[in-house]
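Asks: Please work out how this folds:
(one chain, ligands or ions: 1)
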Amino acid sequence: MQFLLSALSMVSVSLLQGLASDTPEQLLGKMTLEEKIGQMNLYASEWDLTGPPPTEGSNADKYEHIRTGKVGGVLNVTGADAARRMQQLAVEGSRLGIPLLFGYDVIHGYRTSFPIPLGESSSWNLELMEQTARISAIEATAAGINWVYSPMIDTFRDPRWGRVMEGSGEDPFLTSKIAAAKVRGYQGTDLSRPDTLAACAKHFAGYGFPVAGRDYNTTILDGRTLHNIILPPFKAAVDAGVRSVMNSFNLIDGIPATAHAGLQRDLLKGKWKFDGFVVSDWASIAEIAVHGAASDLRQAAQRAILAGSDMDMESFAYVTHLAGLVEEGLVSEAWIDDAVLRILRVKTELGLFDDPYRYIDATREREALLRPAHLDLALDAAIQSIVLLKNATNLLPLDKDAGKIALIGALADDKDSPLGNWRGMAIENSAVSVVEGFRNLGVDFTWTKGVKLAMNPGKMADLVNVNTTDRSGFEEAIRLARESEVVVMVLGELGHQTGEGRSRADIGLPGLQQELLEAVHAVNPNIVLVLMNGRPLIIPWAAENVPAILTAWHGGSRAGDAIARVIFGLENPSGKLTMSWPGSIGQIPVYYNHDRTGRPDANPSVFWSHYNDESNEPLYPFGHGLSYTSFGYSELQVTPSGPRTIDVAVRVSNLGQRSGTEVVQLYLTDPVAQAVRPVKELKGFARVTLAPGASTVQRFRLTKSDLGYFLPDGSFTFEPGEFILTVGPTGTLSQQVSVSD
Ligand code: BGC
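Replies: Numbering: from 1, shown residues only. Presented below is the predicted three-dimensional model:
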């Protein structure tokens, strides 16, 4: 037996050496139809291959399929040992020995946890976001992963949708820049290096627009929104060389995205010349039939492959039906060849044919995870993600010696929630809590939970079981608040209260936290409210009554240290919101780059576009975020420096007493257009750090791609004429300019 095994592996190794010198085209020529279809099949591993192989149930089939070349990739295999055995099975077991891809949802870190993407996007710091992707890749590749399902670059406008935590907000320009930065960070400049991996831009397309914010719901999209708001980040990812794209669960105009030839074949692979591969989302091929767009799994497989879905994640549709569809002439083998070539190309670029174990290194796995430098970066990212929403009377920063401090809130002591959802292989309860962050700074404080957030925090199944009855901790919280000069309250959402399938219809403070806040406020209104959250929360009462509010999101491994350092002034907050915070549910969707109506102006009658009982403005708009210093803008110069080109210069000054970082934002307004343009659109931004009293001139150049837009049919147009440029974030300085063709 032993002899047989090693003979087998010698055969496979020599075969593999043969494959290494093959081009993907040559390799394709050696493959049977069944082997080709195998490359298009992606399984989730519900078992780790560290013990004997499964012998019954669907896992036994999967095992057999891997061993016989019917699988191109596996997701959710974690750890170098398990990955090695799984890879061995494919490489040494199957006839051609083609190595597997190992995919994983590394959304904001592998073991070291960075802030959730919506939080991190608030830093507007592209180098930082590239760097956190780089470190995530270094950690993930050591553990066998060579493909991540990230970046999630859906744009969205509805904070009820739980997946807003995974993305970069409502703006296509900023999300596009972040998309490219993330792709660079994951893939580097050489994909074959053992510490770079293939990225996956998702979800193509429109998944961020589910009606009423309910996950997996249908979308109602017009062509302008699709082409100007949703698609640009995907184009940016493709231009940055992303090697894979994941499609999505939703319908677009009645067609499941997974079966959408217009999007996948014509636009992505045709017009944009994307030469990587498209992977379906989890069972999204099977869901074509569930939607009612195919009569059964077989027809769903046919629609998906014809539409350009190259790899089937967990639908079992391709592996079961594609061969039959080809034999009956319902699917041309040319489509299969195209899909397989795309997949083989990426495997070649990853260097898997040179060494299928390139990414599997148990020694590096032990050494590369949670390096001190990674945790330092996690701290930096968490600090830069914090957004100071309100700071009346300059209550912040606190002086740790200025009086008694009470810390209140279950989340203050929570070492798990800061890791957020989609937390990769972060270790449960491993984040620095706020209590620990305060202690690490030597702060003297009293603390109590005040109220339990869930009856059984940390258990996914208990998410619906939010505490709405147990007020037994109120008394102690009120007592501590009464005895203190200042109260820091840490309130918000548990780490698993946002994310996939976590849509919420009420996005106020969950459970009894609002009641606790008001009870504490009644005895001591000197409150710093620290929010931990995965989405914008609706907090009108706090916005009116609490003097200082900051959002720290789910801030990752070092969240508590970051929060403490900002509260006590060791760091000056610089984050700016990338998604508008509504004042009430009824305003949703509320977003900054909306169209102008025909009746925008307030007048004494009721016949203008407004609510009778609510403002039109969000509670905190896109781009908002305060600092412990203040910045001034002056000397705006807007020059039409050539056809279709505008140069902008503006002086930014630090007017306060502390050094600080400002995110300078440049907005464009196109007042008259064939298809109406939004009231304003972000077209440039820069982070500038200034010492007290210092100033600098920030310059931007806008060209045709910034000044034009997509018509509903997807064609790009530039219309010369008047434009208005505004610099912000407060947007007080603006200038009109005329641009020629
Ligand atoms: C999600 C994807 C994810 C995939 C694999 C799906 O449910 O929509 O974003 O990459 O699962 O875990």
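Asks: The ligand contacts on the protein?
Replies: 75, 105, 149, 202, 281-282, 500 (CB under 6 Å from any ligand atom). C-beta: built from backbone N, CA, C; applies to glycine.
Asks: I'd like the residues you listed as CSV, with neighbour count appended.
Replies: What follows is those, written out as CSV (neighbours: other CB atoms under 10 Å):
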residue, neighbour count
Leu75, 21
Asp105, 19
Tyr149, 23
Lys202, 26
Asp281, 23
Trp282, 18
Glu500, 16
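Asks: Among those residues, name the ones in helices.
Replies: Among the residues of the chain next to the ligand, none falls in helices (DSSP state H).
Asks: Please settle this for me: is Gly632 part of a strand?
Replies: Yes. According to DSSP: H, G, I helix; E, B strand; the rest coil, Gly632 belongs to a strand.
Asks: And it, what's its pLDDT?
Replies: pLDDT recorded at Gly632 is 95.
Asks: isn't Val77 right next to Phe102, touching?
Replies: Yes. Val77 is within contact range of Phe102, at 5.5 Å (criterion: CB atoms under 8 Å).
Asks: Which neighbours do the two have in common?
Replies: Common contact partners of Val77 and Phe102 (CB atoms under 8 Å, 6 or more residues apart in numbering): 83, 86, 144.
Asks: any idea how far the ligand is from the second one?
Replies: Right, Met86. With distances taken as CB to the nearest ligand atom, to the nearest Å, Met86 is found 17 Å from the ligand.
Asks: sorry, back to before: how about the residues of the chain next to the ligand, which pair is most distant?
Replies: Spatial extent of the residues of the chain next to the ligand (CB to CB) is set by the pair Leu75 and Glu500 at 14.5 Å.
Asks: Which single residue in the stretch 251-400 of the chain comes nearest to the ligand?
Replies: Trp282 (3.8 Å; CB to the nearest ligand atom).
Asks: Touching, that residue and Met313? I think so.
Replies: Yes. Trp282 is within contact range of Met313, at 5.4 Å (criterion: CB under 8 Å).
Asks: hey, what's in contact with both of these two?
Replies: Residues touching both Trp282 and Met313 (CB under 8 Å, 6+ apart): Ala44.
Asks: returning to that earlier point: tell me the pLDDT of the residue of the stretch 251-400 of the chain closest to the ligand.
Replies: According to the model, Trp282 carries a pLDDT of 97.
Asks: now the shared contacts of Val77 and Phe102 in TSV, with neighbour count?
Replies: Below are the shared contacts of Val77 and Phe102 laid out as TSV (neighbours: other CB under 10 Å):
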residue	neighbour count
Ala83	28
Met86	24
Gly144	27
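Asks: can you put those in CSV and add secondary structure and pLDDT?
Replies: Converted to CSV, the shared contacts of Val77 and Phe102 look like this (DSSP: H, G, I helix; E, B strand; the rest coil; pLDDT from 0 to 100):
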residue, secondary structure, pLDDT
Ala83, helix, 93
Met86, helix, 93
Gly144, coil, 95
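Asks: Phe156 and Asp171 touch, don't they?
Replies: No. Using CB under 8 Å, Phe156 is not in contact with Asp171; the gap is 10.5 Å.
Asks: With distance to Ile230 added, can I get the shared contacts of Val77 and Phe102 in JSON lines?
Replies: Below are the shared contacts of Val77 and Phe102 laid out as JSON lines (distance: CB to CB, whole Å):
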{"residue": "Ala83", "distance to Ile230": "34"}
{"residue": "Met86", "distance to Ile230": "36"}
{"residue": "Gly144", "distance to Ile230": "33"}
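Asks: can you pull the contacts of Tyr542?
Replies: Careful, residue 542 is Ala; it's not Tyr. Contacts for Ala542 (CB under 8 Å, 6+ apart) come out as 509, 517, 529, 549.
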